[in-house]
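1. what follows is a predicted structure for the sequence shown.
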Amino acid sequence: MSDFLNLILEPIREMFMKFREFLPNFLAMLVILFVGFLIAALLRRLLVRFLSAIGFDSWSDRMGFTSMMRKGDLWDKPSSMLGSFFFWIMVLITLMTGLNALKIHVIENMVLQFFNYLPRAASALLILVAGYLLSAFFSRTLLIAAVNAGYRYAKPVARAVKVLLLIMTFAMVMEQLQIAPGIVLAAFSIVFGGIVAALTIAFGVGGIDVARKMIESEVAERKPESTDVEHI
Amino acid sequence: MTDFYQTGSITTLHQIGKTSLERIEAELLAYSKARPIALVLPALYSEFEGPAMPGIVHELAKVKYLNQIVLTLDQASESEMKKAREFMSPVSAEIKIVHNNGRRIAEIYEMLSRNGVDAGQKGKGRSAWLAYGYILARGMSEIIALHDCDIVTYSREMLARLCYPVANPNMDFVFCKGYYSRVTTKMGGRVTRLLVTPLVRSIQQLIGPHPFLVFLDSFRYPLAGEFCMVTDLARVNRIPWDWGLEVGSLAEVHRNYSARRVCQVDIAATYDHKHQVLSAEDVGGGLMKMAVDICKSVFRTLASEGVVFSDGFFNSLLLAYLRQAEDTLMKYEADAAMNGLEFDRHEEARAVEAFTNAISAASRAFSENALGNPLIPNWSRVSAAIPAIFEMLEAAVDADN
């Protein structure tokens, strides 16, 4: 009878022991989540105030970040948007840290992977920002130069350069994030290479005469001077 | 039948006899291929529930030469905006609604403000200005026409006559203002008849001929809300956001273009729209607010052209104006009697007294702060402050639609 009772009670005792071991971890997770959310909310508020104070919104309007947001149908202030982004990153980190406190092997592995991925995500973000800025800069520079040179198709060319640079940036970001890198690389090579090849063919075929004239005039200019002395 | 007299420094295009609307529209259709025309309609949602808007939409549905219509809508919720869109559906031209109370446009105003661009307070001036910005952003039109949405006697002939002088490349006009007689069973247009014209003439009496005053006096209805202009003008002109909108806009046109390129056109034999109450005792509301803003706009423009205003000048002006206005009043009384129109002499005299107070209030306000309300900056300056403003404005309006 006693053995039979043990058979029943043992799993319950084990369950209780496991729960007793697990409970502090669970409580720790709850505390981490609560404090983490609180800190995240506080930091968001501080960050938004700081960004507003240094005129980040205005800077963002002039640099084209706001425009990028609007094209994505995001209509918050840039400072508030960045604050929210920062908040959710903090929430994600808090969540991962909290889950890690449970000391469950599978979750620990996932958390480790997450933290290992963070540097990649950060560098992808940097590439995205830098790429967008550079594309805007080159596009505008080209536009100004082309307009000043009286080139008729200044605007479409500037826009095309911007699109090409953005495609390149996008491919680099995806590669950095390791999201289907093979497919992205292949797609980028095909698209970018295709565009360049098309432009080359278009320019080559359309500009044969111009190229010939340029080469001929170049050759004519380089013709060696006659060594014969001319007498009046 | 009108006369053919040319007044002042601008060109006046009369309606002589019965002109063929079909001919004008056919020509406009041809011209619009090379110079596409946009129509800006500043409207409140309440106007869609009034008697004027159904007639306007009915008439606009027959117009073929418009490239785009930008309805800049105020005091409307999200659902009311959708209703306005449905209301406009019979019109075949592309219609975009600038929803001034929407969150996207609110963010555009907020962005302008944080970058030091003061778009002023809400009202027709600011709404129209934003609509011009959208048209510039789209880059689809070369001519912008604008008329109010409370015209009960609207016909598409009004729009055709308004657009024709600017759309016709042989005429070389950059700005065209509509004029008409605000007459039903009695004469309307008190602010123009009894304030603006007598005020302009009394200032001329004191300071002598002045190019801006001659220019302003050339307009038969300087406060008419209907005009047509080339889009370049929308890019370089600053406009006031208060009731000084019409006078301030004319001042900017005068500043930026030769009077030779400005005209006025007779657009309607009769015209009726909603009437403002006089509110003689309250200078902050009704026609009095309008009168004060207009006077300040005139003073500011003249001061910016070198005219010096002193207390003595303002005292003389009040008396000169009073006499001018009283003389004008008698002329209109005779005109009304001749044409069998009702004419309430007492009410007209009260209006003159109220406008005298308005001039006095405006002169005090001007003496205290000559700069007053700043004009809304032109779009060239706005795009210099925020290079991507046009892209963002386009994105906001397109997302709202």
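-> Everything's here; your move.
2. just the helices from chain A, written as ranges.
-> A:2-53, A:56-63, A:65-71, A:78-100, A:105-148, A:154-177, A:181-206, A:208-222 (DSSP state H).
3. give me the buried positions along stretch B:168-188.
-> B:168, B:173-183, B:187 (16 or more other C-beta atoms under 10 Å in any protein chain shown). No exception for glycine: its C-beta is placed from N, CA and C like everyone else's.
4. contacting residues around A:Ser79?
-> Taking C-beta atoms under 8 Å, 6 or more residues apart in numbering or on different chains as the contact definition, A:Ser79 lies against A:47-48, A:51-52, A:56-57, A:60.
5. now it: closest residue in space that isn't a chain neighbour?
-> Using C-beta to C-beta, 6 or more residues apart in numbering or on different chains and skipping residues adjacent in sequence, the residue nearest A:Ser79 is A:Leu51, 3.8 Å away.
6. returning to what we had before: quick one: closest of the helices of chain A to B:Glu348.
-> With C-beta to C-beta as the criterion, B:Glu348 lies closest to helix A:56-63 of the helices of chain A, at 51.2 Å.
7. tell me if stretch B:110-117 is near chain A.
-> Yes: Stretch B:110-117 is in contact with chain A by C-beta under 8 Å from any C-beta of the partner chain, via B:110-111, B:114-115.
8. and the residue of chain A that's closest to chain B?
-> When scored by C-beta to the nearest C-beta, chain A has A:Ser67 as its residue closest to chain B, at 3.6 Å.
9. roughly how far apart are the closest residue to that residue other than its chain neighbours and B:Ala395?
-> Once flanking residues are discounted, A:Ser67 sits nearest to B:Ala388: 3.6 Å by C-beta to C-beta, 6+ apart. As judged by C-beta to C-beta, to the nearest Å, B:Ala388 and B:Ala395 stand 9 Å apart.
10. dump stretch A:44-53 to PDB, restricted to CA.
-> C-alpha atoms of stretch A:44-53 as PDB (Å, rounded to 0.1, in the frame of the first residue of the first chain):
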ATOM      1  CA  ARG A  44      11.800  56.500 -24.300                       C
ATOM      2  CA  ARG A  45      10.400  59.700 -22.700                       C
ATOM      3  CA  LEU A  46      13.900  61.000 -21.900                       C
ATOM      4  CA  LEU A  47      15.100  60.200 -25.400                       C
ATOM      5  CA  VAL A  48      12.200  61.900 -27.100                       C
ATOM      6  CA  ARG A  49      12.700  65.000 -24.900                       C
ATOM      7  CA  PHE A  50      16.400  65.000 -25.600                       C
ATOM      8  CA  LEU A  51      15.900  64.600 -29.400                       C
ATOM      9  CA  SER A  52      13.300  67.400 -29.400                       C
ATOM     10  CA  ALA A  53      15.600  69.600 -27.400                       C
END
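11. what is in contact with B:Ala388 and B:Ala395 at once?
-> Common neighbours of B:Ala388 and B:Ala395 (criterion: C-beta under 8 Å, 6+ apart): A:Ser67.
12. name the helices or strands packed onto the helix or strand where B:Ser32 lies?
-> Assessed by DSSP states H and E, B:Ser32 sits inside helix B:21-34. Applying 3 or more C-beta pairs under 8 Å, 6 or more residues apart in numbering or on different chains; DSSP states H and E, we find helix B:21-34 packed against helix B:156-167.
13. show me what contacts whatever residue of the stretch 301-401 of chain B ends up closest to chain A?
-> With C-beta to the nearest C-beta, the shortest gap between the stretch 301-401 of chain B and chain A falls at B:Ala388, namely 3.6 Å. By C-beta under 8 Å, 6+ apart, B:Ala388 lies in contact with A:61, A:64, A:66-67.
14. and those residues, which is the shakiest by pLDDT?
-> Lowest pLDDT of the contacts of B:Ala388: A:Gly64, 83.
15. nearest residue to it in space, ignoring adjacent ones along the chain?
-> A:Ala136 (4.8 Å).
16. do the same with B:Ser32
-> B:Ser32 sits nearest to B:Tyr65 (C-beta to C-beta, 6+ apart), 4.3 Å away.
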